[in-house]
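*Asks:* predicted model and sequence below, questions to follow.
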Amino acid sequence: MPSTCESGHGVSVVPGASAGGTRHVSNVVERLLSARNIDMLRGMVEFSLDSVQRDFFQDKPTAELDRMRASAAGAQQCVLLVLFFLLLNVNAGLKKHIFDLDTPANRPKLVRFVTDLRRVLVLDFFTDNSHSLQDFVDACEEAYVLA
């Protein structure tokens, strides 16, 4: 598996990260939107699903998480981005991971973005049936850029 995807037990890493610490990468969320970083995006989704299983299900497998893992394994970028943003909304482990990866100077932008994600973007996505997956991804990208 590429070093951009995961290390150890599904922990997403960034190229150049060492075992003793993580290299900071400015605008991690923006980089995940790029098609060339799909392996990193897939690793983030897998990391989050592992975190959800550990934190909410006492590390026991569930049919729902297994279906999500199977979907993520072969998913197109748009579907992976939807999973990533929805998991980012609910998973504290993924939020911490993203905050730790990004540069400290970018943290206010991340705070603003995850606030908009929780208060506006996810709610709109689930309450307005006319929103497609791509509409949700586009709205998330716009919110991140404007944060």
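*Replies:* Perfect, thanks for sending it. Residues are numbered from 1 along each chain as shown.
*Asks:* any low-confidence regions in this protein?
*Replies:* For the chain, the stretches with pLDDT under 70 are 1-22.
*Asks:* could you measure from the residue positioned nearest the centre of it over to Q76?
*Replies:* The structure's the chain has its C-alpha centroid closest to F84; by C-alpha atoms, centre = their mean the separation is 3.4 Å. Going from F84 to Q76 by C-beta to C-beta, to the nearest Å gives 13 Å. To be clear about C-beta, it is placed using only N, CA and C from the backbone, and glycine gets the same treatment.
*Asks:* intersection of neighbour lists for those two?
*Replies:* Jointly contacting F84 and Q76 under the rule C-beta atoms under 8 Å, 6 or more residues apart in numbering is no residue at all.
*Asks:* coming back round to it: so the residue nearest to the centre of the chain sits against L32, correct?
*Replies:* Yes. Contact criterion C-beta atoms under 8 Å: F84 and L32 qualify, at 6.6 Å.
*Asks:* overlap of the contact sets of those two?
*Replies:* Taking C-beta under 8 Å, 6+ apart as the criterion, F84 and L32 both touch L41, M44.
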